[in-house]
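**Q** I'll drop the sequence and a predicted model, then ask my questions.
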Amino acid sequence: MSGPLPRALSRRRAGGVVRVAAAALLVVLALLAGGCATFPDASSQPWRDNPELGPEKAPAPQSPAPSEPSQPAPPPNGGAAAAPGPCVDPDPQVVATCLAPVSAVVTLPGGTAALVAERTTGRILRVAPDTPPQVVATVPVDATGDGGLTGLALSPSYDEDQLVYAYATTPGGNAVLRVAQGDVPKPVISGIPRGSTDNRGAIGVEPTGTLLVATGDAGNAASATAAGSLAGKLLRIDPFGRPAPGNPDPTSPVVGSGLHAPGDVCPDTSSNTTWVSDRAGTRDVLLAVRPGSVPGAAAAAAPAWTWPDRPGVDGCAAGGGSLFVGLSDAKAMYVLKPTAEGRFVGAPEAVLQNTYGRISGADLGSDGMLWLATVNKDPGGTPGATDDRVIRIKPPSGGGSGPD
């Protein structure tokens, strides 16, 4: 068929095909838009409440909320890849992110997980690679000044009793607490003076299994040498808070005095020494405590090492012939080489300078890996997008020499 009529019919048919195709395309686009709107936004899901220790409520581990809110990640720009989440750190050695200032870290048996203490919240968290942090206990704390939850240690018989010992500034004062799952924290030693500053303290387990506690002077240097005060002292106790066997005074836990603002207590089985870091006012010091020896009065007067430049000694860890001391003010870590006699060889070396910021807690796992924590959210710090963090790294090398 030819002529004007066939040509008109052909045009109408073609136009109909175009209109049908356009309508179908609009339907498909509408369905796609509706489908995208139904995808849940994971970042909008509410976090579960933190557990509290109580006699009728066991602290079942659960994923905590970030300790402080973080800014949302910027939206994708055109075809660029989406930015990582606000609490995702690109460093594969970072184990946990977006925590409150982490004052202490202690590794669990096996070395693949650790317990960490948040100073300002009183939370004790279990952290491990590729695993969200889990709250295992919450200690009531008063974190004003430099107080809060500042020390953490596993029971000498942790495999059997699962007990954790903590040093904390509570509403009633500074204390050593025993934390058992499913129970309220129990005071082991209370009545440690509390002041407007220098409330931090630390706790560790000597190679003999005795608990060694270092207390701050609560802002009163005179109390550190006062016989009737527990401030600024080294205490040796058994797991129930009683004076440890062999103390000079069988009725007293005090074995040394003269401390100011201790950072950590770390045992070194290779040298049979327990190291205590302390910010002793005009200088930072490292004390060496040996089983059977008595530090005595003014224990900090004859330290094994001193830092006149006051880099802010904090957490420490010992093992494998090395001693690691975190520096919060210098934003680094010192590595020293102690001898079996508790002295040092070589020259000290600062490592991890400005890598993670203010390094606080430290511990060496049984697998040889070094765990570190940061306090970049504390006053004087400059927190990054994923602070505060817990890091697990291969121990860096370094050295040490005699005291200054």
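**A** Everything's here; your move.

**Q** Shouldn't Thr306 be within a helix?
**A** No: per DSSP: H, G, I helix; E, B strand; the rest coil, Thr306 lies outside any helix segment and is strand.

**Q** Please determine how far it is located from Ala350.
**A** Going from Thr306 to Ala350 by CB to CB, to the nearest Å gives 16 Å. No exception for glycine: its C-beta is placed from N, CA and C like everyone else's.

**Q** same check, this time on Gly182
**A** 43 Å.

**Q** How about Leu211?
**A** Taken as CB to CB, the span from Leu211 to Ala350 is 31 Å.

**Q** So between the two, which is more surrounded?
**A** Leu211 (25 against 15; other CB atoms under 10 Å).

**Q** Leaving out the residues flanking it, which one is nearest to the more buried one?
**A** Ile237 (5.0 Å; CB to CB, 6 or more residues apart in numbering).

**Q** Quickly list what the one you found is bridged to.
**A** Counting by DSSP bridges, Ile237 forms beta bridges with Leu211, Pro243.

**Q** Is it correct that it is in contact with Arg178?
**A** No: counting by CB atoms under 8 Å, Ile237 sits too far from Arg178 to count as a contact (10.9 Å).

**Q** Residues that sit against both of the two, list them.
**A** Val188 (CB atoms under 8 Å, 6 or more residues apart in numbering).

**Q** What helix or strand is Ala347 located in?
**A** Following DSSP states H and E, one finds Ala347 within strand 344-351.

**Q** Just the CA trace of that strand, in PDB.
**A** Taking Å, rounded to 0.1, in the frame of the first residue of the first chain, the C-alpha atoms of strand 344-351 are listed here in PDB:
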ATOM      1  CA  PHE A 344      69.900  -0.700  81.600                       C
ATOM      2  CA  VAL A 345      72.300  -1.100  78.700                       C
ATOM      3  CA  GLY A 346      72.500   0.900  75.500                       C
ATOM      4  CA  ALA A 347      70.800   4.200  74.800                       C
ATOM      5  CA  PRO A 348      67.100   4.900  75.100                       C
ATOM      6  CA  GLU A 349      65.100   5.300  71.900                       C
ATOM      7  CA  ALA A 350      61.900   7.200  71.300                       C
ATOM      8  CA  VAL A 351      59.600   5.300  68.900                       C
END
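
**Q** Count the neighbours of Pro156 for me.
**A** 18.

**Q** Skipping its backbone neighbours, what lies nearest it in space?
**A** Gly209 (4.0 Å).

**Q** contacting residues for the residue nearest the centre of the chain?
**A** With distances taken as CA atoms, centre = their mean, Val102 lies nearest the centre of the chain, 3.2 Å away. Contacts here follow CB under 8 Å, 6+ apart; on that basis Val102 touches Val116, Ala117, Glu118, Arg119, Ser360, Gly361, Ala373, Thr374, Val375, Asp388, Arg389, Val390.

**Q** Give me the distance between the residue nearest to the third one when sequence neighbours are not counted and Pro90.
**A** Leaving aside its sequence neighbours, Glu118 sits nearest to Ala100 (CB to CB, 6+ apart; 4.0 Å). To Pro90, Ala100 is 22 Å away according to CB to CB.

**Q** Can you list the low-confidence ranges for the stretch 201-350 of the chain?
**A** 291-301 (pLDDT under 70).

**Q** switch the cut-off to 90
**A** 207-209, 227, 246, 248, 269-273, 281, 289-304, 320, 338-348 (pLDDT under 90).

**Q** can you give me the strands in it?
**A** Ranges of strands in the stretch 201-350 of the chain, per DSSP state E, counting those that start in this stretch, are 202-205, 211-214, 233-237, 254-257, 262-268, 273-279, 284-289, 305-307, 313-319, 322-327, 332-338, 344-351.

**Q** Relative to the next helix or strand after the longest one, what are the paired strands and their orientations?
**A** So that's strand 344-351. With elements assigned by DSSP H and E, the helix or strand that comes after strand 344-351 is strand 359-364. According to DSSP bridges, strand 359-364 forms sheet pairs with strand 370-374 (antiparallel).

**Q** by how many degrees do the strand it pairs with and strand 322-327 diverge?
**A** 10 degrees (axes from the mean of the first three to the mean of the last three CA atoms, to 10 degrees).

**Q** picking up where we left off before, ok, what's across the strand from the nearest residue to the residue nearest to the centre of the chain once chain neighbours are set aside?
**A** In this structure, Val102 finds its nearest non-sequential neighbour in Ala373, 3.6 Å apart by CB to CB, 6+ apart. Per DSSP bridges, the residues bridged to Ala373 are Val390.

**Q** Secondary structure element holding Thr382?
**A** Here Thr382 is assigned to no helix or strand, by DSSP H and E.

**Q** is it true that it touches Asn376?
**A** Yes: if you go by CB under 8 Å, Thr382 and Asn376 touch, sitting 6.4 Å apart.

**Q** if I pick Ala113, what's in contact with it?
**A** Thr107, Arg126, Val127, Ala128, Thr131.

**Q** Now the contacts of Val102 in CSV, please, with extra columns for neighbour count, distance to Gly321 and pLDDT.
**A** What follows is these, written out as CSV (neighbours: other CB atoms under 10 Å; distance: CB to CB, whole Å; pLDDT from 0 to 100):
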residue, neighbour count, distance to Gly321, pLDDT
Val116, 27, 26, 98
Ala117, 32, 27, 98
Glu118, 28, 32, 98
Arg119, 27, 31, 98
Ser360, 29, 23, 97
Gly361, 31, 21, 95
Ala373, 31, 23, 98
Thr374, 29, 26, 98
Val375, 28, 28, 98
Asp388, 30, 30, 97
Arg389, 25, 27, 98
Val390, 25, 24, 98
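
**Q** can you pull the contacts of the nearest residue to Ala214 once chain neighbours are set aside?
**A** In space, and not counting its chain neighbours, Ala214 is closest to Pro262: 3.6 Å by CB to CB, 6+ apart. Contact partners of Pro262, counting by CB under 8 Å, 6+ apart, are Arg200, Gly201, Ala202, Ala214, Thr215, Gly216, Val276, Ser277, Asp278, Arg279.

**Q** re the thing from before, give me the element the residue nearest to Glu118 is part of.
**A** Going by DSSP H and E, Ala100 is not in any helix or strand.
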